[in-house]
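Undergrad: structure for the following, please:
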Amino acid sequence: QLQLVESGGGLVQPGGSLRLNCAVSGGTLNTYRIGWFRQAPGKEREGVSRISTYGTITEVAASVKGRFTISRDITKSMVYLQMTDLKPEDTGIYYCAADLEPCTSLCLTPDRYNYWGQGTQVTVSS
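TA: Model (predicted):
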């Protein structure tokens with residue numbers, strides 16, 4: 001059974017940076033596509049960024065474009081979300097998710113992913 005464990009969240013001031021980590025176990029990372037999602041209080045879960053199975057395609061949501069970058073290290077079975085110039089509206093619980101099936105459209109929607117981590121809290125506040 002694939003397991004995903006997020007880490008790296010915390011409290012950061014506006015304009016600051018964080019790197020979130022997603023440790024993948026129970027499966028081979030380069031057979032899964034991975035997505036990062038977030039959920040703010042009272043809001044629906046939204047897609048932030050994703051990386052394709054072979055790592056050749058990445059996508060970021062418009063709200064974080066130019067500030068967030070997704071990457072992965074196959075040798076360590078890790079996926080990262082580098083977040084810079086953080087804003088209060090970036091506050092929320094961040095989840096990584098995975099799926100085996102190829103995705104050709106709407107790949108940043110939560111229902112396209114079957115495996116989920118427990119999440120890590122990110123709070124952006126002064």
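Undergrad: most centrally placed residue in the chain?
TA: Relative to the mean C-alpha position of the chain, the nearest C-alpha, by C-alpha atoms, centre = their mean, is the one of W36, at 1.9 Å.
Undergrad: quick one: classify R72 as helix, strand or coil.
TA: The three-state label for R72, taken from DSSP: H, G, I helix; E, B strand; the rest coil, comes out as strand.
Undergrad: now it: how far from M78?
TA: Distance of R72 to M78, given as C-beta to C-beta, to the nearest Å: 7 Å. C-beta here means a position set from N, CA and C on the backbone, and glycine is covered the same way.
Undergrad: do Y32 as well
TA: Counting by C-beta to C-beta, the separation of Y32 from M78 is 13 Å.
Undergrad: and Q3, how many neighbours does it have?
TA: If you count neighbours by other C-beta atoms under 10 Å, Q3 ends up with 13.
Undergrad: verify the stated contact: R50 with E59.
TA: Yes: applying C-beta atoms under 8 Å as the test, R50 and E59 come out as touching, 5.2 Å apart.
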